[in-house]
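Q: Here's my sequence, what's the structure:
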Amino acid sequence: MRLAVLGLLLLVATPAAAQDLPTRWDELTATDWPAALEKSHQTAILPIGILEKHGPHAPIGSDLIQSRDLVARAVKQEYAVVFPDYFYGQIYEARHEPGTFALPARLIWDLLDATCAEIARNGFKKILIVNSHGGNPNFLRFFIQAQLEHQRDYVVYLHEPDADEAFASEVARVRKSDPSTDMHAGETETATLLALRPDLVHLDRATTESGADQHRLQLPGLYTAIWWYARFPNHYAGRGETATPALGRMLVEHRVAGIVKAIGTVKADTMTGQVQQEFFDKVLK
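A: Numbering: from 1, shown residues only. Sure, this is the predicted structure:
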């Protein structure tokens, strides 16, 4: 009787175990691959961070930690396969600070292009980039636009959260610093890290350097590469010491919800690939 009951339990448990797939690419087995492709609807996520100074109080890998940990939380709600840690992006404005990892421009482009192609070669035809570094959007938007340069059998998406005025009002009621200069390692980013990795944040060091805007360039209507350094030479913009875990939890929950929604949208999307192929068919006539 006991053996029969045990056998029944094993039969019930085995299918459930088979569905308990890891979400990280590097934690899947090769034999997991078909199930992962099916469960994800051929959707992979490429979280992108960077290695750079985050004021005197937050870790060099703050952006990497945020993209990795936020996505890790999101895929618990909406399954997709997550590519391992990726920290190769645009960060030349921080080369004067220790810990910065800045590769040549041509190389970061080729590396991202080759990475997406390899992800697709492994069966993932939808690649969602989730970025947590403020210096990457111009680079990433151009990269996305250049996907039409030549024919490819996959689509790359860039997650760009919509403005949420209601949530912005909630944050305004909780925050303690001026939002106009809260741009890098300031209150909101430090709060997010307090929610994700409080063990790596040293609030007592946040006031040892200035995160104030130096206003050293007055060039209305013009853009130059040195604008960031001219304003924030300490690579610190804001007042990290005002951050609280409560604000961090609000920010994390909201960001994760947005990523979950984006993953669901990408998984359900059957049109973008068709339209892209239609475009290439006309280009190649």
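Q: any chance you could map the helices in the protein?
A: Secondary structure of the chain (DSSP state H): helices at 2-19, 33-40, 62-74, 105-121, 137-145, 165-174, 187-196, 227-231, 245-268, 271-283.
Q: Relative to residue 90, which of those helices is closest?
A: Nearest to residue 90, of all these, is helix 137-145, at 4.5 Å by C-beta to C-beta. No exception for glycine: its C-beta is placed from N, CA and C like everyone else's.
Q: do you know how far residue 190 is from residue 80?
A: Using C-beta to C-beta, to the nearest Å, residue 190 is found at 28 Å from residue 80.
Q: So which of the two has more stuff around it?
A: Comparing residue 190 with residue 80 by other C-beta atoms under 10 Å, the one with more neighbours is residue 190, at 29 against 26.
Q: Select, out of the helices of the chain, the one closest to residue 205.
A: helix 187-196 (10.9 Å).
Q: the inter-axis angle of that closest one versus helix 62-74?
A: Helix 187-196 and helix 62-74 are oriented at 50 degrees to each other (axes from the mean of the first three to the mean of the last three C-alpha atoms, to 10 degrees).
Q: rewinding a little: looking at the helices of the chain, which is buried most?
A: Ranked by mean neighbour count, the helices of the chain are led by helix 187-196 with a mean of 25 (mean count of other C-beta atoms under 10 Å).
Q: Which strands and helices lie in contact with that one?
A: Packing partners of helix 187-196 (3 or more C-beta pairs under 8 Å, 6 or more residues apart in numbering; DSSP states H and E): helix 62-74, helix 245-268.
Q: Using CSV, write out the CA atom coordinates for that helix.
A: This file holds the C-alpha atoms of helix 187-196, laid out as CSV (Å, rounded to 0.1, in the frame of the first residue of the first chain):
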residue,chain,number,x,y,z
GLU,A,187,18.2,59.7,-3.3
THR,A,188,16.2,57.5,-5.7
GLU,A,189,19.1,55.3,-6.9
THR,A,190,20.5,54.9,-3.5
ALA,A,191,17.0,54.0,-2.1
THR,A,192,16.6,51.4,-4.8
LEU,A,193,19.9,49.8,-3.8
LEU,A,194,18.8,49.9,-0.1
ALA,A,195,15.9,47.8,-1.1
LEU,A,196,17.9,45.4,-3.3
